[in-house]
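Trainee: sharing a model that was predicted from the sequence below.
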Amino acid sequence: MENASVGVQGFCRSCDYPLGAVVGNRCPECGREFDPSDARTFEKRPRQARRRRLMVRIAIPVGALLALVVLFPRGYVVGTIGFSCACGETLTATRKQLIGPSWLPIAYPHWTTVPQASTLHLHTWMFTVSATKTMFRWNLGTRPAGMVTAMGTSGARGPGTVNGQIATPENAGAVLANVVGQMARTGAFGVRVGSAGMGSAGGAMPMNPAATERSRDSN
């Protein structure tokens, strides 16, 4: 067998030398022996090609994991605005928004629930807007990052406003988009409230000023 051309369609397992024209059962490049009848003793493809395939198989899940870690939400903001009037009717709208990395200039997903109002627009009503910010920890826990709340009035003698947005049940979604979006994007907790009818203005009341300052720094 040493003087016969084996005609193996494969490569040496040690050095990737092509064995197709090798005479005998020993690699002329590195001296490794092989058995033409035993596919386990030689490679059908060069090891470099196998390494490349292996690297691709490893790189895809590793890249996906890194992308998940880099793009994973940093936290979330939950905001509500509630309306109530002397007639006893109430309405509460809610918005939840994820907080993305500060360097990524896109808004993360949000969910808004705004019930339909019936007769609130016929009355003078009180409204309360509040929002809380929660940040994720690397150990999969969470930490509170601040809260803000403000109150005002709105009605037939003129609509109240929140950060310049008209505070009516029909415009509840836009009010929450402004307050919650601002907290999610910049960490700002300022809420300016203009109240109609009573001639007084409501204001923002951060519940945890220290947490507010930390949340500004966290972004």
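Mentor: Good, I have the coordinates.
Trainee: going by C-alpha atoms from here, please, whenever you check contacts or count neighbours.
Mentor: OK.
Trainee: wait, a helix at Gly181?
Mentor: Yes. Gly181: assigned to a helix according to DSSP: H, G, I helix; E, B strand; the rest coil.
Trainee: now the helix or strand harbouring Val148: buried residues?
Mentor: Per DSSP states H and E, Val148 falls inside strand 142-154. Using 16 or more other C-alpha atoms under 10 Å as the test for burial, strand 142-154 gives Ala145, Gly146, Met147, Val148, Thr149, Ala150, Met151, Gly152, Thr153, Ser154.
Trainee: list the beta-bridge partners for the last one.
Mentor: Translated: Ser154. Partner residues in beta bridges with Ser154, using DSSP bridges, are Trp125.
Trainee: again, but for Thr132
Mentor: In this entry, Thr132 is beta-bridged to Val78, Met147, by DSSP bridges.
Trainee: and it, what is it in contact with?
Mentor: Val77, Val78, Gly79, Pro144, Ala145, Gly146, Met147, Val148 (C-alpha atoms under 8 Å, 6 or more residues apart in numbering).
Trainee: can the residues you listed go into JSON lines with extra columns for distance to Gly88 and pLDDT?
Mentor: Output for these, formatted as JSON lines (distance: C-alpha to C-alpha, whole Å; pLDDT from 0 to 100):
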{"residue": "Val77", "distance to Gly88": "29", "pLDDT": "95"}
{"residue": "Val78", "distance to Gly88": "25", "pLDDT": "96"}
{"residue": "Gly79", "distance to Gly88": "23", "pLDDT": "95"}
{"residue": "Pro144", "distance to Gly88": "33", "pLDDT": "90"}
{"residue": "Ala145", "distance to Gly88": "34", "pLDDT": "89"}
{"residue": "Gly146", "distance to Gly88": "31", "pLDDT": "87"}
{"residue": "Met147", "distance to Gly88": "27", "pLDDT": "88"}
{"residue": "Val148", "distance to Gly88": "26", "pLDDT": "87"}
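Trainee: now flag whichever of those is closest to Ile99.
Mentor: Val77 (7.3 Å; C-alpha to C-alpha).
Trainee: what's the neighbour count on the closest one?
Mentor: Counted with other C-alpha atoms under 10 Å, the neighbours of Val77 add up to 25.
Trainee: so which residues of the chain form helices?
Mentor: Ranges of helices in the chain, per DSSP state H, are 47-71, 172-186, 209-218.
Trainee: returning to that earlier point: if we only consider the contacts of Thr132, which is nearest to Thr186?
Mentor: Nearest to Thr186 among the contacts of Thr132, counting by C-alpha to C-alpha, is Val77 at 11.8 Å.
Trainee: quick one, what contacts the nearest residue to the closest one once chain neighbours are set aside?
Mentor: Nearest-residue entry for Val77: Lys133, 4.5 Å, with adjacent residues in sequence omitted and distances by C-alpha to C-alpha, 6 or more residues apart in numbering. Contacts for Lys133 (C-alpha under 8 Å, 6+ apart) come out as Gly75, Tyr76, Val77, Val78, Pro144, Ala145, Gly146, Met147, Met183, Ala184.
Trainee: pLDDT at Lys96, what is it?
Mentor: On pLDDT, Lys96 comes in at 96.
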